[in-house]
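Peer 1: quick one, structure for this:
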Amino acid sequence: MVTDRALIDQLLKKIPKSVSEKRLDFILNSMRLKNEEQQKMYQEAIPLQRKMLSTSGCLVLPLFYQKNDLLTPKNINALNGFASIWCCIENILLACAAENLGCALRIPMGDEAAHVAEVLSLPKGYTLPCFLAIGHPADTAPLPQQLPFDLESKLHFNQW
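Peer 2: Purely as a prediction, here's the structure:
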């Protein structure tokens with residue numbers, strides 16, 4: 001957990017402060033989002049990501065130990081650390097929601113994770129799955145619209 005402003009700025013140094021319209025279009029097209037509400041949410045959030053991370057009350061850098069390359073696991077058990085850290089991250093998000101705190105999440109891109117490892121002198125083998133900003137949301141922060149869905153079509157009992 002990082003609260004020191006100077007250290008947060010140093011950790012986020014590799015994250016661009018702005019995103020061009022062309023880059024934003026590329027990101028959104030690569031995500032292949034069909035739903036307009038999802039597209040709108042990302043159009044608003046992606047350009048604000050850096051600011052949300054840098055101005056948060058706390059920057060959480062969840063880490064897990066990964067002995068082997070995630071993309072070429074020797075067996076399914078080699079992914080336990082990866083699966084477990086995302087369960088931890090989800091629990092952090094749920095706890096924040098229960099406390100009326102806002103969160104912003106960014107998956108490291110390019111050499112951002114390596115930069116964090118260098119700045120913090122992380123031991124070899126630790127992986128950063130995301131940057132997680134926690135704080136009080138701005139009064140003007142847009143809330144994404146919950147998409148309606150039919151719960152009965154999502155639940156299956158005893159058979160598909």
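Peer 1: now do the SS call for the most centrally placed residue in the chain.
Peer 2: Nearest to the centroid of the C-alpha atoms of the chain, with distances taken as CA atoms, centre = their mean, sits Leu105, at 2.8 Å. Of the three states, Leu105 takes strand under DSSP: H, G, I helix; E, B strand; the rest coil.
Peer 1: Leu132 is in contact with that one, correct?
Peer 2: Yes. Using CB atoms under 8 Å, Leu105 and Leu132 qualify as a contacting pair, with a distance of 5.5 Å. No exception for glycine: its C-beta is placed from N, CA and C like everyone else's.
Peer 1: overlap in contacts, these two.
Peer 2: The overlap between the contact sets of Leu105 and Leu132 (CB atoms under 8 Å, 6 or more residues apart in numbering) consists of Ile89.
Peer 1: what's the neighbour count on Ala117?
Peer 2: The number of residues packed around Ala117, counting by other CB atoms under 10 Å, is 18.
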